[in-house]
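# got a predicted structure here, sequence first:
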Amino acid sequence: ASYPKAQIALDIAEDEEHESNKVLCRIQANGMAQTMEITHELVGSANFRELQKLTPSAIGLGRPPYKLKLKGEEKECPGTAELVRAILEIGKQGIGLQRYKGLGEMNPEQLWETTMNPETRTLLQVKLEDFTGVEDIFSILMGDEVGPRRDFIQQHALEVRNLDV
(Lines give C-alpha, C1' and ligand atoms only; values in the text may rest on other atoms or scores of the structure.)
Protein backbone atom coordinates (compact mmCIF):
# COMPACT_ATOMS: atom_id res chain seq x y z
CA ALA A 1 0.00 0.00 0.00
CA SER A 2 1.23 3.49 -0.71
CA TYR A 3 0.40 6.45 1.44
CA PRO A 4 0.23 10.09 0.32
CA LYS A 5 3.06 12.28 1.43
CA ALA A 6 2.08 14.79 4.07
CA GLN A 7 3.71 18.11 4.82
CA ILE A 8 3.96 18.90 8.51
CA ALA A 9 4.84 22.34 9.84
CA LEU A 10 5.30 23.10 13.53
CA ASP A 11 5.18 26.53 15.16
CA ILE A 12 5.27 27.68 18.74
CA ALA A 13 2.74 30.33 19.75
CA GLU A 14 2.20 32.13 23.01
CA ASP A 15 -0.89 31.21 25.01
CA GLU A 16 -1.40 34.48 26.88
CA GLU A 17 -4.50 33.30 28.71
CA HIS A 18 -2.61 30.49 30.45
CA GLU A 19 0.81 32.20 30.44
CA SER A 20 2.35 29.31 28.54
CA ASN A 21 3.21 28.26 25.02
CA LYS A 22 1.36 25.98 22.66
CA VAL A 23 2.50 24.04 19.62
CA LEU A 24 0.64 24.63 16.37
CA CYS A 25 0.85 21.61 14.09
CA ARG A 26 -0.27 22.13 10.49
CA ILE A 27 -0.65 18.97 8.41
CA GLN A 28 -1.26 19.18 4.68
CA ALA A 29 -2.06 16.09 2.59
CA ASN A 30 -4.20 15.42 -0.47
CA GLY A 31 -4.88 19.13 -0.90
CA MET A 32 -6.44 19.37 2.55
CA ALA A 33 -4.91 21.19 5.51
CA GLN A 34 -5.61 20.82 9.19
CA THR A 35 -4.16 22.75 12.11
CA MET A 36 -4.06 21.27 15.59
CA GLU A 37 -3.09 22.96 18.82
CA ILE A 38 -1.10 21.10 21.44
CA THR A 39 -1.82 23.02 24.65
CA HIS A 40 -0.93 22.51 28.30
CA GLU A 41 -4.54 21.41 28.84
CA LEU A 42 -4.18 18.63 26.25
CA VAL A 43 -0.85 17.45 27.66
CA GLY A 44 -2.30 17.42 31.17
CA SER A 45 -5.50 15.58 30.21
CA ALA A 46 -6.41 12.02 31.15
CA ASN A 47 -6.68 11.13 27.43
CA PHE A 48 -3.09 12.24 26.84
CA ARG A 49 -1.83 10.23 29.84
CA GLU A 50 -3.59 7.12 28.52
CA LEU A 51 -2.01 7.63 25.09
CA GLN A 52 1.42 8.02 26.69
CA LYS A 53 1.00 4.62 28.36
CA LEU A 54 0.14 3.02 25.00
CA THR A 55 3.00 4.60 23.04
CA PRO A 56 5.66 1.91 23.70
CA SER A 57 3.27 -0.81 22.49
CA ALA A 58 2.30 1.18 19.41
CA ILE A 59 5.94 1.76 18.43
CA GLY A 60 6.48 -2.01 18.45
CA LEU A 61 3.76 -2.54 15.82
CA GLY A 62 6.01 -1.61 12.91
CA ARG A 63 4.68 -0.27 9.63
CA PRO A 64 1.35 -1.11 7.96
CA PRO A 65 -0.18 -3.20 6.57
CA TYR A 66 -0.86 -5.28 9.68
CA LYS A 67 -1.97 -8.90 9.87
CA LEU A 68 -4.33 -9.79 12.67
CA LYS A 69 -4.43 -13.52 13.46
CA LEU A 70 -7.03 -15.09 15.73
CA LYS A 71 -8.06 -18.75 15.98
CA GLY A 72 -6.66 -19.67 12.59
CA GLU A 73 -8.26 -16.70 10.84
CA GLU A 74 -6.17 -13.90 9.41
CA LYS A 75 -7.28 -10.38 8.53
CA GLU A 76 -5.16 -7.77 6.84
CA CYS A 77 -5.53 -4.20 8.07
CA PRO A 78 -4.11 -1.53 5.74
CA GLY A 79 -3.55 1.01 8.52
CA THR A 80 -3.54 1.61 12.25
CA ALA A 81 -7.13 2.89 12.37
CA GLU A 82 -8.41 -0.28 10.67
CA LEU A 83 -6.34 -2.42 13.05
CA VAL A 84 -7.82 -0.69 16.10
CA ARG A 85 -11.36 -1.06 14.71
CA ALA A 86 -10.80 -4.78 14.03
CA ILE A 87 -9.42 -5.37 17.55
CA LEU A 88 -12.35 -3.52 19.13
CA GLU A 89 -14.85 -5.58 17.10
CA ILE A 90 -13.20 -8.81 18.25
CA GLY A 91 -13.28 -7.58 21.85
CA LYS A 92 -17.02 -6.82 21.66
CA GLN A 93 -17.97 -10.31 20.47
CA GLY A 94 -20.16 -12.12 22.97
CA ILE A 95 -20.54 -9.09 25.23
CA GLY A 96 -23.84 -7.36 25.88
CA LEU A 97 -23.58 -3.87 27.32
CA GLN A 98 -26.54 -2.04 28.82
CA ARG A 99 -26.66 1.25 30.69
CA TYR A 100 -29.46 2.44 32.93
CA LYS A 101 -30.16 5.85 34.36
CA GLY A 102 -31.73 4.29 37.43
CA LEU A 103 -32.72 1.01 39.02
CA GLY A 104 -36.36 1.57 38.00
CA GLU A 105 -35.47 0.86 34.36
CA MET A 106 -34.21 -2.67 35.12
CA ASN A 107 -36.17 -5.93 34.99
CA PRO A 108 -36.45 -7.88 38.29
CA GLU A 109 -33.96 -10.53 37.06
CA GLN A 110 -31.44 -7.83 36.15
CA LEU A 111 -31.87 -6.15 39.54
CA TRP A 112 -31.25 -9.44 41.33
CA GLU A 113 -28.23 -10.27 39.17
CA THR A 114 -26.54 -6.88 39.51
CA THR A 115 -27.72 -5.26 42.74
CA MET A 116 -29.94 -7.24 45.09
CA ASN A 117 -28.29 -10.68 45.41
CA PRO A 118 -26.59 -10.71 48.86
CA GLU A 119 -24.10 -13.33 47.59
CA THR A 120 -22.63 -11.02 44.96
CA ARG A 121 -23.48 -7.43 45.90
CA THR A 122 -21.08 -5.00 47.50
CA LEU A 123 -22.19 -2.53 50.14
CA LEU A 124 -19.92 0.44 50.67
CA GLN A 125 -20.10 3.05 53.38
CA VAL A 126 -19.48 6.56 52.12
CA LYS A 127 -18.00 9.10 54.52
CA LEU A 128 -18.09 12.80 53.75
CA GLU A 129 -14.95 14.70 54.66
CA ASP A 130 -15.28 17.69 52.34
CA PHE A 131 -18.99 18.50 52.50
CA THR A 132 -18.72 21.60 50.28
CA GLY A 133 -16.85 19.72 47.55
CA VAL A 134 -19.30 16.83 47.69
CA GLU A 135 -22.26 19.20 47.50
CA ASP A 136 -20.75 20.95 44.45
CA ILE A 137 -20.15 17.68 42.60
CA PHE A 138 -23.57 16.34 43.56
CA SER A 139 -25.20 19.52 42.20
CA ILE A 140 -23.30 19.16 38.92
CA LEU A 141 -24.12 15.47 38.46
CA MET A 142 -27.72 15.48 39.70
CA GLY A 143 -28.74 19.01 38.73
CA ASP A 144 -31.06 20.10 35.93
CA GLU A 145 -28.31 21.67 33.79
CA VAL A 146 -26.92 19.26 31.19
CA GLY A 147 -23.89 21.34 30.15
CA PRO A 148 -21.92 21.23 33.42
CA ARG A 149 -22.69 17.51 33.84
CA ARG A 150 -21.46 16.75 30.30
CA ASP A 151 -18.31 18.82 30.88
CA PHE A 152 -17.60 17.04 34.19
CA ILE A 153 -18.05 13.60 32.63
CA GLN A 154 -15.85 14.42 29.62
CA GLN A 155 -13.15 15.91 31.84
CA HIS A 156 -13.02 12.97 34.26
CA ALA A 157 -14.09 10.00 32.10
CA LEU A 158 -10.68 8.36 31.84
CA GLU A 159 -9.95 8.80 35.54
CA VAL A 160 -12.73 6.35 36.47
CA ARG A 161 -11.36 2.98 37.51
CA ASN A 162 -14.55 1.15 38.52
CA LEU A 163 -17.80 2.72 37.38
CA ASP A 164 -19.99 -0.26 38.24
CA VAL A 165 -19.16 -0.95 41.89
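On my side now, so go ahead.

# can I see the domain layout of this structure?
8-60, 62-97, 102-158 (automatic domain parsing).

# what about the shortest one, distance to the chain center?
Spelled out, that is domain 62-97. Relative to its chain's centre, domain 62-97 lies at 19 Å (CA atoms, centre = their mean, to the nearest Å).

# ok, now stretch 86-101?
The answer for stretch 86-101 is 15 Å, by CA atoms, centre = their mean.

# give the buried residues for that stretch.
A86 (16 or more other CB atoms under 10 Å). Using the backbone N, CA and C atoms, a C-beta is placed for each residue, glycine as well.

# save the domains of the chain as JSON lines, and put in mean pLDDT too.
Output for the domains of the chain, formatted as JSON lines (pLDDT from 0 to 100):
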{"stretch": "domain 8-60", "mean pLDDT": "87"}
{"stretch": "domain 62-97", "mean pLDDT": "88"}
{"stretch": "domain 102-158", "mean pLDDT": "87"}
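
# give the contact list for the residue nearest to T114 when sequence neighbours are not counted.
Spatial nearest neighbour of T114, excluding adjacent residues (CB to CB, 6 or more residues apart in numbering): M106 at 7.3 Å. M106 makes contacts with 100, 114-115, as judged by CB atoms under 8 Å, 6 or more residues apart in numbering.

# now, among those residues, which is nearest to A33?
Using CB to CB, Y100 comes nearest to A33 of the contacts of M106, at 44.0 Å.

# for the closest one, helix, strand, or coil?
coil (DSSP: H, G, I helix; E, B strand; the rest coil).

# next, give phi and psi for the nearest residue to it once chain neighbours are set aside.
Distances taken as CB to CB, 6+ apart put M106 closest to Y100, at 5.7 Å, once the chain neighbours are dropped. The phi/psi pair for M106 (degrees, to the nearest 10) reads phi -90, psi 150.

# can you check L61 too?
The phi/psi pair for L61 (degrees, to the nearest 10) is phi -70, psi -30.

# tell me the spacing between it and L51.
14 Å (CB to CB, to the nearest Å).
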